[in-house]
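Engineer: sharing a model prediction with you, sequence too.
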Amino acid sequence: MRVLVIDTIHGGLEIARYLKGKGHFTDAVDIYRGKSGIDAPTAASRDYDLAVAPVHLDPGNPLLQALTIPVISHHDAVRWILGDDRPSPFVEITGARGKTTTACALASTMKGPGILHTSMGTYRFPGREKIWKKSITPASVLPAAEEARQIKGWLIAEVSLGCTGTGDYGIITSCEDYLFAGGKRHALHEKVRSAQRLPRLLVAPGIDAPGAVRVESVAATEGVSCSYECGGKDGAFDSPLLFHEGYRIPLMLAAAAGCELGGDPGQLSSFPAVPGRMSESREGEVRIVDNANSGTNASTTREAADYARKITGMNEITLVIGQETGAVCEGFPEGDIITAVKEICPARLIVIGNSCSGIEKNPVCAGIPVSRAGSLEEGKSLARTMTKRGSIVLSVKCWR
């Protein structure tokens, strides 16, 4: 079959490589930069049997409009490539928030060998050895599945903007929605649609997905305790992380899924905070609350600030906020950043990247010193030099 693979920078080259390995002819187009493969006009002039395009591509893109052949998504292509040759159990996790925390928590409950694929990296269990770091585009599932098959283990994989439908269990971690594909499609609708191809689907509160299991029907929390019951099994565990909204739902999801998949949810009692997901550290008299990840938004920023003030007993905060260039599909809107700054009222503000170009003149920042940095690491370093007491809150949207 002659296949045109669109978008080389979000996994297209990986998909093309696997298709070639299965005997197909492929061309690839770097639809955004034009730096690799063939160009769009050449692709439009050639004959193909099938095209593979990412779900985030604007449906009005000229190349898509010019095609008269069937077009499938990168998610569909991964399912096609893997076929029945896949690990089991295979859990696909998608959602606007909580993917990494849920994936890491679920992996901590699992028994035997397995592969955990997240935006932080891909790890081999039970030793938790980091084997590589790739994006969570659908194509990255392919080498992760290959590795899981080789060790005859399970696979837990984060997938952006939906599920491939290859797994035997799916989790949607958040009911939050946003527009993508040139503002023409709703992310939550796409996640629900794609995940319903899986034999079993578990969803966070607020998600309407016919046939899915709502996590609150399996797990419940009260204070620092979480109880769960499914398939004739029940149990409970305590964790101080359950006080945090950013951990409560992921730990409930991990307990429910772990119970169904034969894991030990009791292990969640010792599950630690994940770096960038409200983890805490100390440098001298200063506490650092790290909330910099792909799901960072105004709500998690407020939660991080509240937590910082609680653990220090001080109002003084240096807030590092914004978005690294090209970081995440849904972005960190300027209005949300300004709202967070207004509600938190930090002592100092460090803005990352090109976020909020005119924030220095905004009345919200009256009396607040504003600095800028190009990246999370630069912002963190600058905050350390400025902050002698109180806390630093890192709330930058980025892939970690």
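Structural biologist: Arrived safely, thanks for sending.

Engineer: next, the distance between the ends of stretch 198-206.
Structural biologist: 20 Å (C-alpha to C-alpha, to the nearest Å).

Engineer: now that stretch: mean pLDDT?
Structural biologist: On average, the pLDDT along stretch 198-206 is 97.

Engineer: which outside residues touch that stretch?
Structural biologist: For stretch 198-206, contacts defined as C-beta atoms under 8 Å, 6 or more residues apart in numbering pick out 92, 95, 98, 163, 165, 167-175, 195, 209, 211-216, 218, 249, 253, 256-257, 260. All C-beta atoms are positioned from the backbone trio N, CA, C, and that covers glycine.

Engineer: would you mind checking those residues for buried ones?
Structural biologist: If you count burial by 16 or more other C-beta atoms under 10 Å, the buried members of the contacts of stretch 198-206 come out as 92, 95, 98, 163, 165, 167, 169-175, 195, 209, 212-215, 218, 249, 253, 256-257, 260.

Engineer: low-confidence bits of the stretch 151-300 of the chain, can you list those?
Structural biologist: Residues of the stretch 151-300 of the chain meeting the criterion pLDDT under 70: none.

Engineer: ranges for the helices of the stretch 1-150 of the chain?
Structural biologist: 13-21, 40-45, 62-66, 74-82, 99-109, 141-150 (DSSP state H, counting those that start in this stretch).

Engineer: among the contacts of stretch 198-206, name the ones in strands.
Structural biologist: If you go by DSSP state E, the contacts of stretch 198-206 have Glu92, Tyr169, Gly170, Ile171, Ile172, Val213, Arg214 in strands.

Engineer: contacting residues for the third one?
Structural biologist: When you say that, I think you mean Gly170. Residues near Gly170 by C-beta under 8 Å, 6+ apart: Val91, Glu92, Ile93, Thr94, Cys163, Ala195, Leu198, Arg200, Leu201, Leu202.

Engineer: and the closest residue to Glu260 other than its chain neighbours, what are its bridge partners?
Structural biologist: In space, and not counting its chain neighbours, Glu260 is closest to Cys230: 5.5 Å by C-beta to C-beta, 6 or more residues apart in numbering. On the basis of DSSP bridges, Cys230 takes part in beta bridges with Lys233.

Engineer: neighbours of Cys230, how many?
Structural biologist: 19 (other C-beta atoms under 10 Å).

Engineer: who touches it in this structure?
Structural biologist: Here Cys230 is in contact with Val218, Ala256, Cys259, Glu260 (criterion: C-beta under 8 Å, 6+ apart).

Engineer: and if you look at Ala273?
Structural biologist: Counting by C-beta under 8 Å, 6+ apart, Ala273 makes contact with Leu241, Tyr247, Ser279, Glu280.

Engineer: gap between it and Ser281?
Structural biologist: 10 Å (C-beta to C-beta, to the nearest Å).

Engineer: and if you look at Gly374?
Structural biologist: Going from Gly374 to Ser281 by C-beta to C-beta gives 23 Å.

Engineer: where in the stretch 301-400 of the chain is pLDDT low?
Structural biologist: 326-330.

Engineer: how about the strands of the stretch 201-350 of the chain, start to end?
Structural biologist: Along the stretch 201-350 of the chain, the segments classed as strands by DSSP state E, counting those that start in this stretch run 201-203, 213-214, 219-222, 225-230, 233-238, 279-283, 286-290, 317-323, 348-352.

Engineer: how about those strands, which one is nearest Asp27?
Structural biologist: strand 317-323 (33.1 Å; C-beta to C-beta).

Engineer: parallel or antiparallel, list what pairs with the closest one.
Structural biologist: Here, using DSSP bridges, strand 317-323 pairs with strand 348-352 (parallel), strand 391-397 (parallel).

Engineer: mind listing residues that contact the first one?
Structural biologist: By that I understand strand 348-352. For strand 348-352, the surrounding residues in contact (C-beta under 8 Å, 6+ apart) are 317-324, 337, 341, 359, 365, 368-376, 378-379, 382-383, 386-387, 396.

Engineer: distance between stretch 91-103 and the chain's centre?
Structural biologist: Its chain's C-alpha centre lies 6 Å from the corresponding centre of stretch 91-103 when counted by C-alpha atoms, centre = their mean, to the nearest Å.

Engineer: what do you get for stretch 305-320?
Structural biologist: Relative to its chain's centre, stretch 305-320 lies at 26 Å (C-alpha atoms, centre = their mean).

Engineer: alpha carbons only: can I get it in CSV?
Structural biologist: This file holds the C-alpha atoms of stretch 305-320, laid out as CSV (Å, rounded to 0.1, in the frame of the first residue of the first chain):
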residue,chain,number,x,y,z
ALA,A,305,0.0,28.8,46.2
ASP,A,306,-2.4,27.8,48.9
TYR,A,307,-0.2,24.8,49.7
ALA,A,308,2.9,26.9,49.8
ARG,A,309,1.4,29.3,52.3
LYS,A,310,0.1,26.5,54.4
ILE,A,311,3.5,24.7,54.8
THR,A,312,5.5,27.9,55.3
GLY,A,313,3.0,29.8,57.4
MET,A,314,4.0,32.9,55.4
ASN,A,315,2.2,34.9,52.7
GLU,A,316,5.3,35.7,50.7
ILE,A,317,5.5,33.9,47.3
THR,A,318,7.7,34.2,44.3
LEU,A,319,5.5,33.0,41.5
VAL,A,320,7.1,31.5,38.3
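
Engineer: buried stuff in it?
Structural biologist: Residues Ala305, Tyr307, Ala308, Arg309, Thr312, Glu316, Ile317, Thr318, Leu319, Val320 are the ones in stretch 305-320 that count as buried (16+ other C-beta under 10 Å).

Engineer: please tabulate the residues you listed in a markdown table, including the columns distance to Trp80.
Structural biologist: Conversion of these to a markdown table gives the following (distance: C-beta to C-beta, whole Å):
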| residue | distance to Trp80 |
| --- | --- |
| Ala305 | 46 |
| Tyr307 | 44 |
| Ala308 | 47 |
| Arg309 | 51 |
| Thr312 | 52 |
| Glu316 | 55 |
| Ile317 | 49 |
| Thr318 | 49 |
| Leu319 | 45 |
| Val320 | 42 |
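
Engineer: contact partners for the residue positioned nearest the centre of the chain?
Structural biologist: Nearest to the mean C-alpha position of the chain, by C-alpha atoms, centre = their mean, lies Lys99 at 4.9 Å. Counting by C-beta under 8 Å, 6+ apart, Lys99 touches Ile93, Thr118, Ser119, Ile136, Glu158, Thr173, Ser294, Gly295.

Engineer: fine by me, thanks again.
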